[in-house]
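1. Build the 3D model from these lines:
(4 chains)
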Number of protein chains: 2
Amino acid sequence: MPGRKNSVSAKDVAARAGVSRAAVSRTFTPGASVSKETRSKVLEAAEALGYQVNHLARGLISRKTGIVALIGADLATPYRSELIRVLTERLQASGRVAILINTDRSDSTVDVALQQAIRYRAEAAVVLSGMPESSISELCHRNGLRLVLINRDDAHTGSVQIRLNDAEAARVALASFLRAGCRRLALASSQAGTPSLLDRENGFLAEAEKRGLPVLCERLGPTSYESGLALGERLLMRAERPDAVFCTTDLLACGVMDAARHRFSLSIPNDLSVIGFDDIEQASWDAYALTTFRQPVEEIGAAAVDWLSDGDAADGPRIIHLTAPMAWRKSVRGNGK
Amino acid sequence: MPGRKNSVSAKDVAARAGVSRAAVSRTFTPGASVSKETRSKVLEAAEALGYQVNHLARGLISRKTGIVALIGADLATPYRSELIRVLTERLQASGRVAILINTDRSDSTVDVALQQAIRYRAEAAVVLSGMPESSISELCHRNGLRLVLINRDDAHTGSVQIRLNDAEAARVALASFLRAGCRRLALASSQAGTPSLLDRENGFLAEAEKRGLPVLCERLGPTSYESGLALGERLLMRAERPDAVFCTTDLLACGVMDAARHRFSLSIPNDLSVIGFDDIEQASWDAYALTTFRQPVEEIGAAAVDWLSDGDAADGPRIIHLTAPMAWRKSVRGNGK
DNA sequence: TTGTAAGCGTTATCAG
DNA sequence: CTGATAACGCTTACAA
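-> Residues are numbered from 1 along each chain as shown, chains lettered A, B, ... in the order given. Now for the predicted structure:
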C-alpha cells in the first residue's frame, strides 16, 4: 500500500524493488552510479507505482528548484504573450519550469510578485514590466534570486538587462518617412513612460530636431488599441493634418490606422504613412500590413535562458544589447529604398 | 551571519529574535497561537533579515503546495493568452501560483506536461488543449493531481470539465444569417477537430440540414489567421460564391474577412456576412467589427478556481456548462433582430 | 503560549 | 556499487 494519502514516494518504490531509497534516488539522478540491474528493478517498480520525483523536496536540498518566475502586466497583450511563449518554451527545453505572475502597472505589485518568487525559491525572475524598488532588488539578491530585466533600466549586481536599439530604430523610422516624401511628422505614444518607450520617443524627436523639423506630439493612456484610436482622432483632427505618424507600439499603430481609415476616411499609405514597433502578429495581417520593427523575441528568450545557465556570471551587472530589425510592409509610401 | 550560502531561513530569524523556530513558523501560519510580543519580535527580525517563508518546504509537509499547472498549446494566441491571464489572476487572488507549461498540438506532450506538474506536486492542472491519455489521467489521480479540462471531452473521477453551448451558438449563427437574408451558406473550420470545434461545426450543419439548406464546407490547417486566409480564398473562388460564412473561430474569421476584402474586393457585410467565435480583442477592432460569440473567460476562470477551493468535491466527474453570449457587431447585414 | 522533537521526500556524505 | 545516516526548511503533535 503506497503512501498514506497522497502521492507515491521513493520509499514505496524502494520497498517494491527491494532496494534502498538511495538506490531509487540515484536511478533518477543523471550522473549517478547504479548498476544496470538495480536500475532496471527500480525503473520497473517506479513505472508500476507511477512514481514521479518530487522536485520540491529535491530543490530543498539541492538548492536548484528549476523554477523561474515570469513577472509582468498586460500578459494577454500580443507582444507580451508572445514573449511569454518563447520564454516558457526555452525554459522547458532547459529542464526548468516557469511560474507566471501577473501585476498591474504599479511598481508595488512587482515587488509583491518578486516576494512570491522568493517564497517559491525561484532561481531567477524575468521582469517584463514595471520596475522593482531598489530595496526589493536587494532582498532578491540576499535570497539568491537572480533578476533578468527586459527593457527596464535599473541595474543591480546579480542581474542582467536586455535592451534594444530603440532610439536608433526611431531614427530609422524618421528617415523612412522623409524618404517617402512625408513632411508633416507626428509622434503617438502612451503615457506609460517605460524606458524603451521613452527611448523611442526621444530618438524620434531628437533626430527631427537635428534636421529642423517640427513634430506633432501626442501621448495618451496605456499602451493599447483604444489609446491608438484616441491618439489617431486627436492627431488627425488638427488643421495641419500630419502625413506620417510614428507609433511607439504596434497596438497604438493599429488604433491610429483604424481611426484614420474609419473615422477620417483616409487611405494608407497615400494620405498617411504609419510606422509601429514590436511586430505583433496583427501587424502582418492584410488589414494592417504595418511597417514596423521586429522585437527579436527568440533572441531575447535565448539570451535570458543562456544567462541563467551561465552559473556564476553573478559578478556585477550586465547589459545585453539586441537589435530590432525593420519589417517593411505597406503602411509607408514607396518601397523603403 | 544568516544561512550558509543562499536564502535566509526561519532558523536565522529565530536566532535573531531570541525565540524558537516554531515561534517563527507560527507567526507566519494564519491561524496559530502566538503572543503579540513574540509575534512582533519575530516580525521585526524577519523584516531586518529579509525572510520569506519557503513554500517548497511548507508544501512538503502540509501537502498544499499552492501550485496549479496551466497546460496548453498556442499560448500566444489571443483567446488562449486571455484565458491564461484570467486564470493566473484568479489563482493569485486565492493565494496560489500558476506554472505555465507549453505543449505542441500532440497529446503526448500533454502527458509529459502533466508528469511535470506531478513532479512539482501541483494541486491541480488546467488543460487548455490536447487530451491526456487515459493512463495518464490515472497517474494524475494516483498522485493527487486534480484535473480541470476546458472544452475537452474526457471525464475522469477527480476531474471537472468546463463546456460551452457550442452547438446552440452555431444554430443561432445560422438563424442570424437567414434573418439577414443570406442563402448561400458556408462553414469554415480548422482541422484541429477539438470537441468544441466539432460541436460548432455539427451544430451549424445539423441545423442547416434540418432546414434543407446546403452548406459549403471547408476545413483546413490549424486554428490561425493564415488558415482563415486560405479558407477564404477557397470558399470565395467557387462559382456559387457564398454570401455568409460561419467561422468556428475568430482568428479564422479575421483571415476570411481579409481574404474577402483584399483578395476579392468584397464588402462586408454587403457582399458577405461573417460570424466568428471567441470574441478575441481584434474582433472588436474597427477593421473587423466582427459579430461573434463571447467566450466567458471570467466565468471560466471563476468556475475553475472555485472548484479547486471546493476541497473535497473529488467524488466523481463533474461537468460545468457555461454559455457564450452573442456579441452583435457589423459583419452581418441588418441589426440582428 | 512556548519549546522540543518528529517527520515530509529528497539528495549528499560516508562507510562498507 | 550500495546502504545507513544526516541534512534541507518547514509544520505540527506533544509536553512543559
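2. near DNA strand D at all, the worst-scoring helix or strand of chain A on mean pLDDT?
-> Of the helices and strands making up chain A, the lowest-confidence element is helix A:134-142, at a mean of 88, by mean pLDDT, DSSP states H and E. No: contact of helix A:134-142 with DNA strand D (CB under 7 Å from any atom of the strand) is absent, the minimum separation being 13.0 Å. Using the backbone N, CA and C atoms, a C-beta is placed for each residue, glycine as well.
3. Centre of the chain to that helix, how far?
-> Its chain's C-alpha centre lies 21 Å from the corresponding centre of helix A:134-142 when counted by CA atoms, centre = their mean, to the nearest Å.
4. Same question for stretch A:81-99.
-> 11 Å.
5. mean confidence score for that stretch?
-> For stretch A:81-99, the mean per-residue pLDDT is 97.
6. got it, and stretch A:215-227?
-> Taken as a whole, stretch A:215-227 has a mean pLDDT of 97.
7. What residues sit buried inside that stretch?
-> A:215, A:216, A:218, A:219, A:220, A:223, A:224, A:225, A:226, A:227 (16 or more other CB atoms under 10 Å in any protein chain shown).
8. okay, and for the stretch 101-250 of chain A, where does confidence drop off?
-> Applying pLDDT under 70 to the stretch 101-250 of chain A flags residues A:155, A:157.
9. Please enumerate the helices of it.
-> A:107-119, A:134-142, A:166-179, A:195-210, A:225-237, A:250-264 (DSSP state H, counting those that start in this stretch).
10. So which of the ones you listed is the most surrounded?
-> helix A:250-264 (a mean of 24; mean count of other CB atoms under 10 Å in any protein chain shown).
11. After that one, which helix or strand is next? Please name it.
-> Using DSSP states H and E, the helix or strand that directly follows helix A:250-264 along the chain is strand A:273-275.
12. Show me what that next one is in contact with.
-> For strand A:273-275, contacts defined as CB atoms under 8 Å, 6 or more residues apart in numbering or on different chains pick out A:173, A:176-177, A:180, A:182, A:243-247, A:253, A:256-257, A:260, A:268, A:290-292, A:331-333.
13. ok, and of those residues, which contact chain B?
-> Filtering the contacts of strand A:273-275 for proximity to chain B by CB under 8 Å from any CB of the partner chain leaves residue A:257.
14. Tell me, what's the model's pLDDT at residue A:2?
-> 35.
15. hang on, I meant residue A:315
-> Reading off the model, residue A:315 has pLDDT 60.
16. Report all helices and strands that the least confident helix or strand of chain A contacts.
-> Using 3 or more CB pairs under 8 Å, 6 or more residues apart in numbering or on different chains; DSSP states H and E as the contact criterion, the elements in contact with helix A:134-142 are helix A:107-119, strand A:146-150.
17. now these as TSV including distance to residue B:205?
-> TSV is the format used below for the helices and strands packed on helix A:134-142 (distance: least, CB to CB, whole Å):
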stretch	distance to residue B:205
helix A:107-119	47
strand A:146-150	47
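18. Taking the stretch 151-300 of chain A, what residue is nearest to DNA strand D?
-> Here the stretch 151-300 of chain A gets closest to DNA strand D at one residue, residue A:158, 18.2 Å apart by CB to the nearest atom of the strand.
19. In this structure that residue contacts residue A:141, no?
-> Yes: taking contacts as CB atoms under 8 Å, residue A:158 lies within contact range of residue A:141: 5.2 Å.
20. what's next to the least confident helix or strand of chain A, contact-wise?
-> A:110-111, A:114-115, A:117-118, A:125, A:132, A:146-147, A:154, A:156-159, B:7-8, B:50.
21. same for the one helix or strand residue A:12 maps to, what does it pack against?
-> Assigned by DSSP H and E, residue A:12 falls within helix A:10-17. Under the contact definition 3+ CB pairs under 8 Å, 6+ apart, helix A:10-17 sits against helix A:21-27, helix A:36-49.
22. what's the most buried one of these?
-> With neighbours defined as mean count of other CB under 10 Å, those peak in mean count at helix A:21-27, which reaches a mean of 19.
23. The nearest residue to residue A:106 once chain neighbours are set aside and DNA strand C, how far apart?
-> The shortest distance from residue A:106 to any non-neighbouring residue, by CB to CB, 6 or more residues apart in numbering or on different chains, is to residue A:130 (7.1 Å). Separation of residue A:130 from DNA strand C (CB to the nearest atom of the strand, to the nearest Å): 34 Å.
24. Check residue A:11 too.
-> Residue A:11 sits 6 Å away from DNA strand C, going by CB to the nearest atom of the strand.
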